[in-house]
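> generate coordinates for the sequence data below:
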Amino acid sequence: MKRVVGVIAGVLVAAMGLIWTLQGLNSTLAPQSFMTGSPLWVVLGLVTIGLGITVAVWSWRRSPR
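Okay, the predicted model is just below:
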């Protein structure tokens with residue numbers, strides 16, 4: 001059960017990072033906000049995507065208990 005929760009949490013964090021990255025890139029897919037067009041949010045979004053994927057993969061590879 002903990003494994004599934006970790007994978008879901010990692011995917012949600014990666015999705016949040018994707019939204020931040022899109023806003024930083026001034027994408028029309030994301031709503032306009034103070035983050036729109038800011039390179040800081042592109043970097044933070046990419047780091048967050050990486051962390052989310054890391055958590056998901058680590059959780060998936062954990063041995064079930």
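
> for the helix or strand bottoming out on mean pLDDT in the chain, buried residues please.
The helix or strand with the lowest mean pLDDT-type score in the chain, counting by mean pLDDT, DSSP states H and E, is helix 2-24 (a mean of 93). Residues 6-7, 10, 13-14, 17-24 are the ones in helix 2-24 that count as buried (16 or more other C-beta atoms under 10 Å). All C-beta spots, glycine's among them, are computed from the backbone N, C-alpha and C.

> likewise stretch 48-64?
For stretch 48-64, using 16+ other C-beta under 10 Å, the buried residues are 48-49, 52, 55-56, 59.

> mark which of these are part of helices, please.
Secondary structure from DSSP state H places 48-49, 52, 55-56, 59 of the buried residues of stretch 48-64 in helices.

> ok, now which ones touch residue 50?
Contacts of residue 50 were listed using C-beta atoms under 8 Å, 6 or more residues apart in numbering, and they are residue 17.

> how about residue 21?
If you count contacts by C-beta under 8 Å, 6+ apart, then residue 21 has 41-42, 45-46, 49 around it.

> apply 6 Å and report the result again.
By C-beta atoms under 6 Å, 6 or more residues apart in numbering, residue 21 lies in contact with 42, 45-46.

> do you know how far the spatially closest residue to residue 56 that is not a sequence neighbour is from residue 59?
Of all residues not flanking residue 56 in the chain, residue 10 sits nearest, at 2.9 Å (C-beta to C-beta, 6 or more residues apart in numbering). To residue 59, residue 10 is 6 Å away according to C-beta to C-beta, to the nearest Å.

> checking residue 27 next. Helix, strand or coil?
Assigned with DSSP: H, G, I helix; E, B strand; the rest coil, residue 27 falls in the coil class.

> from residue 51, how far off is the residue nearest the centre of the chain?
With distances taken as C-alpha atoms, centre = their mean, residue 14 lies nearest the centre of the chain, 2.0 Å away. From residue 14 across to residue 51, the span is 8 Å (C-beta to C-beta).
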